[in-house]
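**Student:** Turn this into a structure:
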Amino acid sequence: MGLRSRGLPTTALELDQEKRTKLLKKALGGFCCVSLVCYVGLWIRSLTLIMKLLRFLVSGSLACAGGTHWYLFLKPSLFSLESLWPTEPLEVDQKKRNKVPKKGFSREKIPENLDAIVIGSGLGGLTTAACMAKKGKRVLVLEQHDTTGGCCHTFTEKGFEFDVDIQTHAQMMKPGKACVLLFCGFDGTAKELDITPTTLWLFKENDIDKSMDKLFAITFPSAKDPASKIRHPGKSCMTVLTMVNYEWFEEWKDSTVRKRGDDYTEYKNRFADHLFNWACEHFPKIKDKVVYQEIATPLSNEHYLRAFRGPRTLASTP
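**Tutor:** As a prediction, this is how the structure comes out:
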């Protein structure tokens, strides 16, 4: 009744409803088509990405496999026999031997276009530098001391050659503890002096933990090195070690190396006399054959190796 009062016939209302239904169907159909197109597009894009990823993985795997095969089977190893330098005759001339490990530093000697600079010429630094050099890299090795080798280097004084590796073993037994090293040179062969090629570790107590601070060690580097008879005939050398406190030498820590004063020299020589007399108790034939003697303190190591409070190998003597 209300519809009639507005003047709208029944047939017009039915036609209007039918149009709206058709429009709704068209809209739903269009929405479905658009959704289908978007879904197909996304699926194709995802498939493309998957194919690219698979292609990348396959190519990467092939490259890795090819590189591994080349590295293992085609590329000569840095540690193969082919990469070793040919054996050369033993050089006994000390001046010629020093040409390589004792090259002094100057700015003019620094090469251009370096690939790496290695600080420290210990075994780790030398090995790293050698491997990089074998790979064709330009490497510079810098060392504060006047010779290379770090804790495994040797030094020659008055015709006697000494090594300093004994304290490396001591630091394994008592880490962080400072020590004193006595270096002695003798006129006489190992047989004449009745010395042995073994390192003698001596403790004053049966309690190992307590005696770590009081251990003594004696070693004869010349008796261990077969080439010593050729390079230093008729001579022998000895190194004696004992543990000390850094505080005993601390009053001279700010003094200049090799210019620490007579009181310092007298003080450290007291250790030298004590260690030498103690070594003579075990090897009495060395007492009258000594021609060279020097002692290194924790300050030596602190200067040459920059080891805080001298807990590492003592390289030389200030």
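**Student:** C-alpha from now on. contacts and neighbour counts both.
**Tutor:** Fine.
**Student:** got the residue ranges for the helices in this protein?
**Tutor:** Using DSSP state H, the helices of the chain run over 2-6, 10-69, 94-97, 123-134, 166-173, 190-193, 208-211, 221-224, 228-231, 262-282, 298-304.
**Student:** Pick out the shakiest of the ones you listed, pLDDT-wise.
**Tutor:** Of all the helices of the chain, the minimum mean pLDDT falls on helix 2-6 (a mean of 44).
**Student:** Please parse the protein into its domains.
**Tutor:** 2-61, 94-142, 159-304 (automatic domain parsing).
**Student:** mind checking which of the ones you listed is nearest Glu88?
**Tutor:** Distance to Glu88, taken as Cα to Cα, is lowest for domain 94-142 among those, at 12.8 Å.
**Student:** Find out how far the closest one is from the centre of the chain, if you would.
**Tutor:** Centroid separation between domain 94-142 and its chain, computed with Cα atoms, centre = their mean, to the nearest Å, is 15 Å.
**Student:** could you pull out the strands for the stretch 101-250 of the chain?
**Tutor:** Per DSSP state E, counting those that start in this stretch, the stretch 101-250 of the chain carries strands over the ranges 116-119, 139-142, 154-157, 160-163, 178-187, 200-202, 216-219, 235-244.
**Student:** Relative to Lys96, which of these is closest?
**Tutor:** In terms of Cα to Cα, the element of the strands of the stretch 101-250 of the chain nearest to Lys96 is strand 154-157, at 13.3 Å.
**Student:** residues in contact with that closest one?
**Tutor:** Defining contact as Cα atoms under 8 Å, 6 or more residues apart in numbering, one finds that strand 154-157 is touched by 161-164, 316.
**Student:** With stretch 97-110 instead?
**Tutor:** Residues contacting stretch 97-110 (Cα under 8 Å, 6+ apart): 91, 140, 146-148.
**Student:** May I see the PyMOL selection of the buried members of those residues?
**Tutor:** A single PyMOL command selects the buried members of the contacts of stretch 97-110 (16 or more other Cα atoms under 10 Å):
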select buried, resi 147+148
